[in-house]
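K.L.:
just coords:
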């Protein structure tokens, strides 16, 4: 018979061990020493690291495994899909922002990596002096206001070429996040007769894009160590191979079926991503 240890100081439930069965708080006594605090911190960090690495390894080297584990209900041992995506995308934005502070900028959007030099050569046309105005004399007031804003921003861009990139980075995370449910919708359309629900397709989308961002980050590190230009692009070429393997492991697709669905999904997603990114550039230029 377990001896009672009093009541939990957090929820006042009766204690029958070191941890409260009601709220989970650990009961160590009235006074917490510095050594105990450091030990708890080390335990938390070690636990988080082991869980993170237990997630990252299959994410990169076992396509579709994490989604299959999630569907099977084996979830506690891995970082949750949404939290994993937030962590990786946050690190990605930090890296892209750091790159944008240099002379040349590299931007990733889904599986697309775009390199953009912010320098403006003297012999290139000045956007503000191009002479193309979207608003004429009889245009609505809102269009004339937009015309004046674009002219002012064009002059700002000439004086500060990095302003557009800074404005773009403010909206890039939102665009990346909004494209996730679209990718899941493509999966849903490809597997209309499968027993999977949209949420499970969304989990697959979270894992797939998390992997894409990790590959880009690894490419950036390789570029820094090896000095090879756009190394991230080469690693992202693995995605057309990664996706059909993931579809086979998660959905049980045949090899030919997975290849056909992968080509269709990647083609449509790339087109939509390119259109969305083009719109994002125009939006960033208009509001910067």
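P.N.:
Structure's in. What do you need? Treat the numbers as computed from the prediction; the structure is a model and nothing was measured. Residues are numbered from 1 along each chain as shown.
K.L.:
pLDDT below threshold where in the protein?
P.N.:
The chain contains residues with pLDDT under 70 at 1-5, 10, 18, 24-50, 100-150, 152-164, 224-233, 287-288.
K.L.:
ok, longest helix in the chain?
P.N.:
Assignment by DSSP state H gives helix 255-287 as the longest helix of the chain.
K.L.:
list the buried residues of it.
P.N.:
If you call a residue buried by 16 or more other CB atoms under 10 Å, then helix 255-287 has these buried ones: 257-259, 261-262, 265-266, 269, 273, 276-277, 280-281, 284-285. Every C-beta, even on glycine, is put in place using the N, C-alpha and C of the backbone.
K.L.:
against which helices or strands is it packed?
P.N.:
strand 104-109, strand 112-117, helix 141-159, helix 162-190, helix 239-251 (3 or more CB pairs under 8 Å, 6 or more residues apart in numbering; DSSP states H and E).
K.L.:
if you set the cut-off to 6 Å instead, what comes out?
P.N.:
helix 162-190, helix 239-251 (3 or more CB pairs under 6 Å, 6 or more residues apart in numbering; DSSP states H and E).
K.L.:
nearest to residue 54, of the ones you listed?
P.N.:
helix 239-251 (17.4 Å; CB to CB).
K.L.:
what does that closest one contact?
P.N.:
Here helix 239-251 makes contact (CB atoms under 6 Å, 6 or more residues apart in numbering) with 63, 64, 67, 68, 111, 191, 212, 253, 258, 259, 262.
K.L.:
just flag the most distant two among these.
P.N.:
Taking CB to CB as the measure, the contacts of helix 239-251 have their most distant pair in 68 and 111, spaced 22.1 Å apart.
K.L.:
and residue 169, what does it touch?
P.N.:
By CB under 6 Å, 6+ apart, the contact list for residue 169 reads residue 97.
K.L.:
before we move on, the earlier item: pipe the contacts of helix 239-251 into CSV and attach distance to residue 219 per row.
P.N.:
Shown next, in CSV, are the contacts of helix 239-251 (distance: CB to CB, whole Å):
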residue, distance to residue 219
63, 18
64, 22
67, 23
68, 27
111, 12
191, 31
212, 11
253, 28
258, 25
259, 25
262, 21
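K.L.:
out of those, which is nearest to residue 11?
P.N.:
Using CB to CB, those come closest to residue 11 at residue 67, 35.7 Å.
K.L.:
show me what contacts that closest one?
P.N.:
For residue 67, the contacting residues are 203, 204, 207, 250, by CB under 6 Å, 6+ apart.
K.L.:
just give the nearest non-adjacent residue to the last one, would you?
P.N.:
Looking back up the chat, that one is residue 250. residue 64 (4.0 Å; CB to CB, 6 or more residues apart in numbering).
K.L.:
phi, psi of the one you found?
P.N.:
The phi and psi values for residue 64, taken as degrees, to the nearest 10, are phi 80, psi -10.
K.L.:
please work out how many residues are found near it.
P.N.:
Residues lying near residue 64 (other CB atoms under 10 Å) number 23.
K.L.:
ok, residue 197 next?
P.N.:
Neighbourhood size, residue 197 [other CB under 10 Å]: 11.
K.L.:
ok, now how distant is it from residue 169?
P.N.:
Distance, residue 197 to residue 169, using CB to CB, to the nearest Å: 34 Å.
K.L.:
I'd say residue 203 and residue 81 touch.
P.N.:
Yes. In this structure, residue 203 is within contact of residue 81 by CB atoms under 6 Å, at 4.8 Å.
K.L.:
closest to residue 237 among the contacts of helix 239-251?
P.N.:
Using CB to CB, those come closest to residue 237 at residue 111, 9.3 Å.
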